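S.K.: Can you look at this prediction? I've put the sequence above it.
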Amino acid sequence: MVVGDYAWPWYHEACASAFEENGCDVYRFSWFDDFKYWKEGDTYTEPLYKSFLHRLQYRFQFGPNIYQISSRLIRQSKRTKPDVIWFYNVHLIGRRTLKKLRKALPDTIFVQYSNDDPFSKKGTTFLWRKFLSSIPLFDIHFVYRMKNVEDFKSYGIEKSFLLRAYFIKDEDFPVPAERIPEDFNCDVVFAGHYEDDGRIEMLESICKSGYKLNLFGGGWNRALNKLDKDSPLLALFL
């Protein structure tokens, strides 16, 4: 069972599909539809919340939708009895739910993987508080960066392993230069979402140095209030 948001196809779905390609039967457990939806024709910028209440529940990890998701996860796990439950970037499932799962499925291996940094001090501790309190309840931890191996050791966890970044071979492959559309020709590409961690200042520095920058990813409109009217990045957002 692969558990997570399933908003972006290159995360949870790619992981689930890779397991299937290696001969595993996979049950997908998603809560995307419990909170969000895609605007028609849009699948690669940023999904929308169904309502302000849904946004609040997702942000504070509390409310009727969170309770329903936890209950559904327990119920469907008991029914499918997976050999492994793989939690991918999961911060909505709390310690109480994991304890119930472990009691109901004593032979199941509980694995977690996050490509984000749950131990970051850049304002994300609140986001990962449920995960941090549940660390001992997992059998194996996979991490995206070596730094987190040491972070887990500070929690007394020895079974944490580096899981390298991957690409999807059917979508990510070299394209001959003559086939690249003119709009994509540039000196530097930044592909990723916006965070207020200094990246906007670094990208502005690249542009001001005379390099042509292409920007891809979601949430960049949130950076508009950090840009002045003469910023070279402004045209990339409009």
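M.R.: Perfect, thanks for sending it. Numbering: from 1, shown residues only.

S.K.: Quick check: the residue of the chain positioned farthest from its centre vs Asp187, distance?
M.R.: No residue in the chain sits farther from the centre than Glu178, which is 33.8 Å out by C-alpha atoms, centre = their mean. Per C-beta to C-beta, to the nearest Å, Glu178 is found 18 Å from Asp187. To be clear about C-beta, it is placed using only N, CA and C from the backbone, and glycine gets the same treatment.

S.K.: on contacts alone, who are the packing partners of the lowest-mean-pLDDT helix or strand in the chain?
M.R.: In the chain, no helix or strand scores lower on mean pLDDT, DSSP states H and E than helix 234-237, which sits at a mean of 75. On a contact count with 3 or more C-beta pairs under 8 Å, 6 or more residues apart in numbering; DSSP states H and E, helix 234-237 meets strand 213-216.

S.K.: Buried residues, the strand it packs on. List them.
M.R.: Going by neighbour count (16 or more other C-beta atoms under 10 Å), the buried part of strand 213-216 is 213, 215.

S.K.: what do you get for stretch 217-232?
M.R.: So stretch 217-232, judged by 16+ other C-beta under 10 Å, has buried residues 220, 223, 231-232.

S.K.: Adding secondary structure and distance to Tyr6, write these out as JSON lines.
M.R.: Listed next are those as JSON lines, based on DSSP: H, G, I helix; E, B strand; the rest coil; distance: C-beta to C-beta, whole Å:
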{"residue": "Trp220", "secondary structure": "helix", "distance to Tyr6": "23"}
{"residue": "Ala223", "secondary structure": "helix", "distance to Tyr6": "26"}
{"residue": "Ser231", "secondary structure": "coil", "distance to Tyr6": "35"}
{"residue": "Pro232", "secondary structure": "coil", "distance to Tyr6": "36"}
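
S.K.: for this structure, what spans make up the helices?
M.R.: Assigned by DSSP state H, the helices in the chain fall at 14-21, 32-35, 52-60, 64-80, 95-104, 129-134, 147-153, 199-208, 234-237.

S.K.: what about those, which gets the closest to Asp183?
M.R.: helix 234-237 (11.9 Å; C-beta to C-beta).

S.K.: what's in contact with that closest one?
M.R.: When contacts are defined by C-beta atoms under 8 Å, 6 or more residues apart in numbering, helix 234-237 is touched by residues 213-215, 220-221, 223-224, 227.

S.K.: if you set the cut-off to 6 Å instead, what comes out?
M.R.: The contact list for helix 234-237 (C-beta atoms under 6 Å, 6 or more residues apart in numbering) reads 215, 220, 227.

S.K.: Nearest to Asp25 among the residues you listed?
M.R.: Asp25 has its nearest neighbour among the contacts of helix 234-237 in Trp220, at 38.8 Å by C-beta to C-beta.

S.K.: Grab the nearest non-local neighbour of that closest one.
M.R.: With sequence-adjacent residues excluded and distances taken as C-beta to C-beta, 6 or more residues apart in numbering, Trp220 is closest to Tyr194, at 4.6 Å.

S.K.: The one you found contacts Phe216, doesn't it?
M.R.: No. Tyr194 lies out of contact with Phe216 (C-beta atoms under 6 Å); the separation is 11.3 Å.

S.K.: In the sheet, which residues pair with Val188? Tell me.
M.R.: Per DSSP bridges, the residues bridged to Val188 are Leu213.

S.K.: got a list of what it touches?
M.R.: Shown in contact with Val188 (C-beta under 6 Å, 6+ apart): 206, 211, 213.

S.K.: same thing but at 10 Å, please
M.R.: Val188 is in contact with 203, 206-207, 209, 211-215, counting by C-beta atoms under 10 Å, 6 or more residues apart in numbering.

S.K.: quick one: low-confidence ranges for this protein?
M.R.: 42-45, 123-124, 237-238 (pLDDT under 70).

S.K.: hmm, try it at 80
M.R.: Along the chain, the model assigns pLDDT under 80 to residues 40-46, 121-125, 196-197, 218-219, 221, 225, 229-230, 234-238.
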